[in-house]
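Colleague: here is the input, now give the coordinates:
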Amino acid sequence: MKYILVTNEDKKMLERIFDVTRQTVYNALYYKNDSDVSKKIRNVALTQCGGRLIHVMDVTNWQPNCETRYEHDEGGVKAVISTFSNDVQVILDCHTDTAVVTKSGEEVKRFWNVRTASWGNILFIAEQISIQ
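Modeller: Residues are numbered from 1 along each chain as shown. As a prediction, the model looks like this:
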């Protein structure tokens, strides 16, 4: 999914410029419609309103394509290591709540204060790196 992010003031301006409803502007900015007017609205939003094109990926049913192993110490799980293709790994240090994404042993990204809720996002980023 993609959309163009503009301010509410810019949306109102687009309504006035093109003499259309708020719904028409919404449909144009969210690529719900590909009419000539929608294309013009998007063009003005990007070129004159400072609009930003935003891409959103739906990862609702996504599952990482990796092998995951756990390292233990006397306190329990010490590290979680997920290995992807092309020599990409995510290493979560459970004692420091830090995750590192590496490619061929070189650090690519580092995350601090990693919580369970963000773990899937980090794996998703690592998988994207592995397929580049």
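Colleague: over to Val80: give its phi and psi.
Modeller: phi -120, psi 120 (degrees, to the nearest 10).
Colleague: and it, how close does it get to Leu92?
Modeller: Val80 sits 4 Å away from Leu92, going by Cβ to Cβ, to the nearest Å. (Each C-beta comes from the backbone N, C-alpha and C, glycine too.)
Colleague: of those two, which one has the most company?
Modeller: Leu92 (23 against 17; other Cβ atoms under 10 Å).
Colleague: the helix or strand harbouring the more buried one - contacts with which helices or strands?
Modeller: Leu92 belongs to strand 88-93 when assigned by DSSP states H and E. On a contact count with 3 or more Cβ pairs under 8 Å, 6 or more residues apart in numbering; DSSP states H and E, strand 88-93 meets strand 76-84, strand 98-103, helix 116-130.
Colleague: of all the ones you listed, which lies closest to Asp10?
Modeller: Closest to Asp10 of the helices and strands packed on strand 88-93, according to Cβ to Cβ: helix 116-130, at 29.8 Å.
Colleague: what about the closest one, average pLDDT?
Modeller: Averaging pLDDT along helix 116-130 gives 87.
Colleague: elements contacting that helix?
Modeller: Against helix 116-130 (3+ Cβ pairs under 8 Å, 6+ apart) you get strand 76-84, strand 88-93, strand 98-103, strand 106-111.
Colleague: which of these sits closest to Asp19?
Modeller: Once the helices and strands packed on helix 116-130 are compared by Cβ to Cβ, strand 106-111 is nearest, at 46.8 Å.
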